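Chemist: Quick check, what structure comes out for this input:
(2 chains)
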Amino acid sequence: GEDVEQSLFLSVREGDSSVINCTYTDSSSTYLYWYKQEPGAGLQLLTYIFSNMDMKQDQRLTVLLNKKDKHLSLRIADTQTGDSAIYFCAEGNTGNQFYFGTGTSLTVIP
Amino acid sequence: SQTIHQWPATLVQPVGSPLSLECTVEGTSNPNLYWYRQAAGRGLQLLFYSVGIGQISSEVPQNLSASRPQDRQFILSSKKLLLSDSGFYLCAWTGGVDGELFFGEGSRLTVL
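Modeler: Residues are numbered from 1 along each chain as shown, chains lettered A, B, ... in the order given. Reported below is the predicted structural model:
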């Protein structure tokens, strides 16, 4: 499969912004996704961006895509304790295949 | 609305025993279906995907197999489990306007 990389851990204080980064290798990606996983649960789709877009905002979430550098980021504004979870970046291609990063564990400190 | 269900949610099996995990999707037709495994290291590994009944693509050779006997049913099986098969198994399907991938609740398998 394709390589999708993320840093493993991130800690932020409640109320601050969180930025989770991701790099990928597949230049044929059509969509890039962010998922949230809480302990013992499946993955919840948070947001996604089409590969020809630079930015997408959805309430507290902002996705930035640098296609040239194959870099994707997720910014969570006003981070809350309920945002503590593992966040996965994923890429999808025209072959209906999806590849995931290793996940970033976000800890929000009260 | 569309929903996806997996069962059992939790399973403890001895080494060498068989396995059957089932996944069904409701509210859609002809979905693409996927099995992923999430090991302790957290990353998701694509195991199988299917674009239609009886059509299975395997991403990783191993002692697991998948079948799709009906349009909205996807089954993950093994004849003899290994310790290394322990993990969290996630079924998923593509739907939505842009073909987004949606996940089931997951099945946690512990092989002893």
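Chemist: So which residues on chain A come close to chain B?
Modeler: A:1, A:31, A:33, A:35, A:40-45, A:48, A:50, A:86, A:88, A:90, A:92, A:96-103, A:105 (Cβ under 8 Å from any Cβ of the partner chain). For the C-beta atoms, the positions are set from N, CA and C on the backbone; glycine is no exception.
Chemist: And B:N30, which helix or strand is it part of?
Modeler: Using DSSP states H and E, B:N30 sits in no helix or strand.
Chemist: give me the number of residues near it?
Modeler: Other residues near B:N30 come to 10 when the count uses other Cβ atoms under 10 Å in any protein chain shown.
Chemist: and the residue nearest to it when sequence neighbours are not counted, how far is that from chain A?
Modeler: Leaving aside its sequence neighbours, B:N30 sits nearest to B:D71 (Cβ to Cβ, 6 or more residues apart in numbering or on different chains; 6.1 Å). Separation of B:D71 from chain A (Cβ to the nearest Cβ, to the nearest Å): 16 Å.
Chemist: B:D71: neighbouring residues, count only.
Modeler: Counted with other Cβ under 10 Å, B:D71 comes out at 15.
Chemist: List the contacts of it.
Modeler: B:D71 makes contact with B:29-31, B:52-53, according to Cβ atoms under 8 Å, 6 or more residues apart in numbering or on different chains.
Chemist: Looking at the residues you listed, which is nearest B:F103?
Modeler: B:P31 (12.7 Å; Cβ to Cβ).
Chemist: Need phi/psi at the closest one.
Modeler: Here is the backbone geometry of B:P31 (degrees, to the nearest 10): phi -80, psi 160.
Chemist: gap between the residue most central in space within chain B and B:A92?
Modeler: Closest residue to the average C-alpha location of chain B: B:W35 at 3.3 Å, with Cα atoms, centre = their mean. To B:A92, B:W35 is 8 Å away according to Cβ to Cβ, to the nearest Å.
Chemist: mind checking the SS state of the most far-flung residue of chain B relative to its centre?
Modeler: Distance from the C-alpha centroid of chain B peaks at B:V97, with 23.0 Å (Cα atoms, centre = their mean). Taken by DSSP: H, G, I helix; E, B strand; the rest coil, the conformation at B:V97 corresponds to coil.
Chemist: what's it in contact with, if anything?
Modeler: B:V97 sits in contact with no residue, where contact means Cβ under 8 Å, 6+ apart.
Chemist: Against chain A, how distant is B:G95?
Modeler: 11 Å.
Chemist: That residue pairs with what?
Modeler: For B:G95, the beta-bridge partners are B:E100 (DSSP bridges).
Chemist: what do you get for B:V12?
Modeler: B:T110.
Chemist: For it, give me its contacts.
Modeler: So B:V12 contacts B:109-110, B:112 (Cβ under 8 Å, 6+ apart).
Chemist: wait, doesn't B:S107 sit right on B:W7?
Modeler: Yes. Counting by Cβ atoms under 8 Å, B:S107 touches B:W7, with 7.0 Å between them.
Chemist: Need the overlap of contacts for these two.
Modeler: Common contact partners of B:S107 and B:W7 (Cβ under 8 Å, 6+ apart): B:L21.
Chemist: So which of the two has more stuff around it?
Modeler: Between B:S107 and B:W7, B:S107 has the larger neighbour count (other Cβ under 10 Å), namely 23 against 15.
Chemist: Contact partners for the more buried one?
Modeler: B:S107 neighbours (Cβ under 8 Å, 6+ apart): B:6-11, B:21, B:88-91.
Chemist: how does it look with 10 Å?
Modeler: Listed by Cβ atoms under 10 Å, 6 or more residues apart in numbering or on different chains, the contact set of B:S107 reads A:42, B:6-11, B:19, B:21-23, B:35, B:76, B:87-91.
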